[in-house]
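Enquirer: take a look and give me a structure for this.
(one chain, ligands or ions: 1)
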Amino acid sequence: ASEQTLLHVDGVEAIYGDAILALRGVSFGVPKGAIVALLGANGAGKSTTLKAVSNLLGASRGRISKGTITWRGEVTGRLSPADLVRKGIVQVLEGRHCFPQLTVEENLLSGGFARRPGRRELRDDLDRIYALFPRLKLRRRGKAGLLSGGEQQMVAIGRALMSRPTLMLLDEPSMGLAPMIVEEIFEIIRRLNADDGVTFLLAEQNAHLVLRYAHHGVVLENGRVAASAPAADLLARDDVIDFYLGGS
Ligand code: ATP
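Expert: Residues are numbered from 1 along each chain as shown. Down below sits the predicted model:
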């Protein structure tokens, strides 16, 4: 193929505990330089798919029970989440997850450790993140817990950027945020993608929103891929979106 597929998710089944089958054979690829959206109603399996990719299922008593995930040709099953960060895959968890008692800058710095960077590099990375998120620069000495929800989402994205990721996984970046701030965050995603070449896999319930920014959409229903198509095609098919996503 002319475009390089960085990530292959191939026939993945995932279970929680001993019984709950959350993914029932999910397959899709993420091309280098793409923004891929994972769409689906509540419980369709979006978060589980992201955690399967970042090897974070174990923290929820889950595991991959069948299938493989391949990152740049390497099967990732035995790698820890920290190994994956070093190899370029970083996940921004749902719910923004800042350290509320630490300052904004301390939160950002905490994202850089996997690389063991020098001070100079850390400074450069911070400057880059402050250029993307001027609000964070203004509040860099303030406690993250005092920020608005949108600003905390920016901190979470900024912290993930400190690992210089090739692929960034984002779980419901719009959740609980006002529409204006959501557009601001998606504009940043677009810039990181266009200017810095960061590849994205985004789980998002708001299909109409995310499909305006994504190149490709994968619709999950009940742990299976119900549709997979260029974002523009999915956007043009309101019936598909409404059928699977309840018109969200
Ligand atoms: P949401 O937007 O609600 O997070 P989702 O599409 O991300 O939806 P998942 O969170 O991946 O869906 O959930 C897929 C299925 O797995 C659902 O049936 C859910 O109830 C189940 N599930 C998710 N997390 C757990 C867990 N920690 N333990 C048991 N079952 C879980």
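
Enquirer: look up phi and psi at V12.
Expert: Phi and psi for V12, reported as degrees, to the nearest 10, are phi -80, psi 120.

Enquirer: go ahead and confirm it touches I69.
Expert: Yes: using CB atoms under 8 Å, V12 makes contact with I69 at a distance of 6.5 Å. For the C-beta atoms, the positions are set from N, CA and C on the backbone; glycine is no exception.

Enquirer: overlap in contacts of those two?
Expert: The contact sets of V12 and I69 overlap at A52 (CB atoms under 8 Å, 6 or more residues apart in numbering).

Enquirer: list the contacts of stretch 233-240.
Expert: Stretch 233-240 is contacted from outside by L39, A207, H208, L211, R212, G217, V219, A227, I241, using CB under 8 Å, 6+ apart.

Enquirer: check stretch 105-114 too.
Expert: Here stretch 105-114 makes contact (CB under 8 Å, 6+ apart) with 82, 85-86, 90, 98-99, 102, 121-122, 125-126, 129, 136, 140-141, 144, 155, 158-163.

Enquirer: what sits against G197?
Expert: For G197, the contact set (CB under 8 Å, 6+ apart) comprises G33.

Enquirer: begin at 590 from here
Expert: New numbering, starting at 590: the last item is G786.

Enquirer: quick check: the gap between it and the ligand.
Expert: Applying CB to the nearest ligand atom, to the nearest Å, the value for G786 to the ligand is 27 Å.

Enquirer: any chance you could map the helices in this structure?
Expert: Here the chain has its helices, by DSSP state H, at 635-643, 670-675, 693-699, 708-721, 723-727, 738-750, 768-785, 796-799, 820-825, 827-834.

Enquirer: let's have those helices in a markdown table, adding distance to P762.
Expert: Formatted as a markdown table, the helices of the chain follow (distance: least, CB to CB, whole Å):
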| stretch | distance to P762 |
| --- | --- |
| helix 635-643 | 12 |
| helix 670-675 | 19 |
| helix 693-699 | 17 |
| helix 708-721 | 14 |
| helix 723-727 | 16 |
| helix 738-750 | 6 |
| helix 768-785 | 6 |
| helix 796-799 | 9 |
| helix 820-825 | 16 |
| helix 827-834 | 17 |
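
Enquirer: can you redo those helices as TSV with mean pLDDT?
Expert: Converted to TSV, the helices of the chain look like this (pLDDT from 0 to 100):
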stretch	mean pLDDT
helix 635-643	97
helix 670-675	93
helix 693-699	93
helix 708-721	91
helix 723-727	94
helix 738-750	93
helix 768-785	94
helix 796-799	91
helix 820-825	92
helix 827-834	76
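
Enquirer: pull up the residues of the protein that are close to the ligand.
Expert: Residues of the chain lying near the ligand by CB under 6 Å from any ligand atom: 605, 609, 611, 629, 631-637, 649, 792, 794.

Enquirer: and K640, what does it touch?
Expert: Counting by CB under 8 Å, 6+ apart, K640 makes contact with L646, A648, S649, G651, Q680.

Enquirer: I'd say the last one and L639 touch.
Expert: By that I understand Q680. Yes: using CB under 8 Å, Q680 is in contact with L639, at 6.1 Å.

Enquirer: which neighbours do these two have in common?
Expert: In contact with both Q680 and L639: L645, L758, D760, using CB under 8 Å, 6+ apart.

Enquirer: burial count for the closest residue to the second one other than its chain neighbours?
Expert: Pointing back at L758 there. Excluding the flanking residues, the one nearest L758 by CB to CB, 6 or more residues apart in numbering is Q680, at 4.1 Å. Counted with other CB atoms under 10 Å, the neighbours of Q680 add up to 23.

Enquirer: try E695
Expert: If you count neighbours by other CB under 10 Å, E695 ends up with 16.
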